[in-house]
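J.: Sequence and predicted structure below; questions after.
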Amino acid sequence: MNSRIFTRNSSPLIILSLVLLIPVLITITSAEVTELNVTPEVVLPGETLLVSGKASPGEEVWLNSSFEIALPVSEGAYRGEFNGIEIPAGEKKFSVTAERIKTIRLSIYPIFWRTIEYPLEGPKNATNGTATISISFPATWGGITIDIYGKKTVGVYGDAADNAKSVNLTTDMSIKVTADSTGDFELPINTEGIPSGEFLITAGEKEKRVYIVAPEPEPSVFDTGSPEKPYPSISGIHSGTITPNHTITVSKLSTYPCSGTGGHIEYIKLGNTTGWNVTAMWDGYAGDWHTITFGEPFTLYAGSTYNYTIITGSYPQIHHTDALLTANGWINCTSFVDANGKRYCNWIPAITLHSRR
C-alpha cells in the first residue's frame, strides 16, 4: 500500500479528520516475553528510560506504559495538560480514561501546524461517570497513511460530575517493537511531560515500576507560595511591583503551574525608576520548563520597589488579591489583562525568585 507525503499546501487535515472517525480496532496480544528491564528505575522529569527485554526472535512485542493523576475541578470543569510528550513513530495506541466526569475531549498540538480536538464532533459523554477515548496510529484511509510522532502537547478536558472535587485520569500508551534475530528488543522512553509519581511499564506478563521524582527545590529568595485557591486562571499580562524586605541576589524565576497544566511565564521584565531593568524569556517546554534563567545574576535591595511585567502562558496558579505579604516582602498587582482582553486589579502570579544558577 502506498504512503503519500503531504506538503503544507495539501489537505492533510481533511484526511486526518476522516481517519479519526474510524473506530480503533487494534487488538494487543500478549507476546511471550521472558525478560523485561528498565534503566534507570528512578528518574527526574524529562530524563530518558531504556526499556529492554527478551522475547522470541522476530516476535512483535507491545510495550505498555501508563500513569495516573488526579485533576482538580474548578467551576464544574477539569483540565489536564501534558507538555512535550514524546510520541514515537510506528504502531501505537493511546488511550485516556477519566472517572467522576460528565464529558471528555482530547486536544493534540501540533498536528499539521495546528491543534486537533478529538472526538471531532465534540466532547464524548460519560457512562456512569466514566469515559475512555482511544486513538491508534498509523492509520490508513483511501490509500493514504498518516502517522503522528514527535513532541506533542496533549490536553484532556471536560465537565466534571456533580459535586466532584477532583477527576481521576489514567493514560495508557502501547507501542509495538520487534525483537531482533536473538530475541532482544529495546525502546527509549522520554519522560518529559509525565507528572511525578509512579509510572508502570508492562510487556506480556512482565511488569516494571518506574518512579519519576521532582528535583530538589532550589534555594528561594522571594517566594509567593502556592495559593489555597489557584483558580480561576488564564494566560495574560501581569503588571505590578515587588518590594523585598532584605537584599537578595536573583538568577532564576519559576512559576507554580495549576495541577495537570503547563502554566509558565513566557517573559519577565523587572526594573526601577532609575532606568535599570533586566529581562528574560522562556525557552519552551524542555527540561525545567517552568523556570526562566536570567543572563546574569542581579541584586534587588531591601526596601526598594521594583516594577514587573510578566507574560504568562497556559494556566499558572494565581493569588486573587491586589497585595500579598510574603516572608520576603510585598508583591502587588497593578493590573492584569487576560488573553481575552479583560482587565483585573487583583491577580498576582504565584512565582519564586531563586538565587542559585
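T.: Ah, there it is.
J.: Using CSV, write out every CA atom in the biggest strand by length in the chain.
T.: Secondary structure of the chain per DSSP state E: the longest strand is strand 60-74. What follows is strand 60-74 as a C-alpha-only set of coordinates in CSV (Å, rounded to 0.1, in the frame of the first residue of the first chain):
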residue,chain,number,x,y,z
GLU,A,60,6.3,-8.4,17.8
VAL,A,61,6.1,-7.1,21.4
TRP,A,62,3.7,-4.4,22.7
LEU,A,63,5.3,-2.3,25.4
ASN,A,64,2.6,-0.6,27.5
SER,A,65,3.2,2.4,29.7
SER,A,66,0.7,4.1,32.0
PHE,A,67,0.3,6.7,34.8
GLU,A,68,-2.5,8.1,36.9
ILE,A,69,-3.1,11.6,38.1
ALA,A,70,-5.9,13.4,39.9
LEU,A,71,-7.0,16.7,38.3
PRO,A,72,-8.7,19.4,40.3
VAL,A,73,-12.2,20.6,39.5
SER,A,74,-12.9,24.3,39.1
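J.: chain center to that strand: distance?
T.: 13 Å (CA atoms, centre = their mean, to the nearest Å).
J.: next helix or strand past it?
T.: strand 77-87 (DSSP states H and E).
J.: Residues contacting stretch 338-352, please?
T.: With contact meaning CB atoms under 8 Å, 6 or more residues apart in numbering, stretch 338-352 is reached by 220, 222-227, 230, 234-236, 238, 240, 253-256, 265, 310, 312, 316-322, 324, 331-337. Where C-beta positions appear, they are placed from N, C-alpha and C, glycine not excepted.
J.: List phi and psi for the most far-flung residue of the chain relative to its centre.
T.: Residue farthest from the centre of the chain, counting by CA atoms, centre = their mean, is residue 274 at 39.4 Å. As for residue 274, its main-chain torsions (degrees, to the nearest 10) stand at phi -80, psi -10.
J.: give me every residue that touches it.
T.: Counted by CB under 8 Å, 6+ apart, residue 274 has zero contacts.
J.: now swap in the one 4 residues further on and tell me
T.: Applying CB under 8 Å, 6+ apart to residue 278 gives the contacts 269, 270, 271, 294, 295, 298.
J.: what's the angle between the longest strand of the chain and strand 77-87?
T.: Here the directions of strand 60-74 and strand 77-87 differ by 150 degrees (axes from the mean of the first three to the mean of the last three CA atoms, to 10 degrees).
J.: Could you point out which residue ranges in the stretch 1-150 of the chain have low pLDDT?
T.: For the stretch 1-150 of the chain, the stretches flagged by pLDDT under 70 are 1-31, 141-142.
J.: nearest spatial neighbour of the most centrally placed residue in the chain, skipping sequence neighbours?
T.: Centroid check for the chain by CA atoms, centre = their mean gives residue 82 as the closest residue, at 2.2 Å. Among residues not flanking residue 82 along the chain, residue 193 sits closest, at 4.4 Å (CB to CB, 6 or more residues apart in numbering).
J.: Could you look up the SS state of that neighbour?
T.: Look at residue 193: counting by DSSP: H, G, I helix; E, B strand; the rest coil, its state is coil.
J.: try residue 232
T.: Under three-state DSSP, the three-state class of residue 232 is coil.
J.: can you tell me which residues contact it?
T.: Per CB under 8 Å, 6+ apart, neighbours of residue 232: 74, 75, 318.
J.: and these, which are buried?
T.: Using 16 or more other CB atoms under 10 Å as the burial test, the contacts of residue 232 include 74, 318 as buried.
J.: Pick the one among the contacts of residue 232 closest to residue 134.
T.: For the contacts of residue 232, the residue nearest residue 134 by CB to CB is residue 74; the value is 26.7 Å.
J.: I'd assumed residue 234 was in contact with the closest one.
T.: No: using CB atoms under 8 Å, residue 74 makes no contact with residue 234, being 11.4 Å away.
J.: Would you reformat the contacts of residue 232 as TSV and include distance to residue 282?
T.: Converted to TSV, the contacts of residue 232 look like this (distance: CB to CB, whole Å):
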residue	distance to residue 282
74	24
75	28
318	18
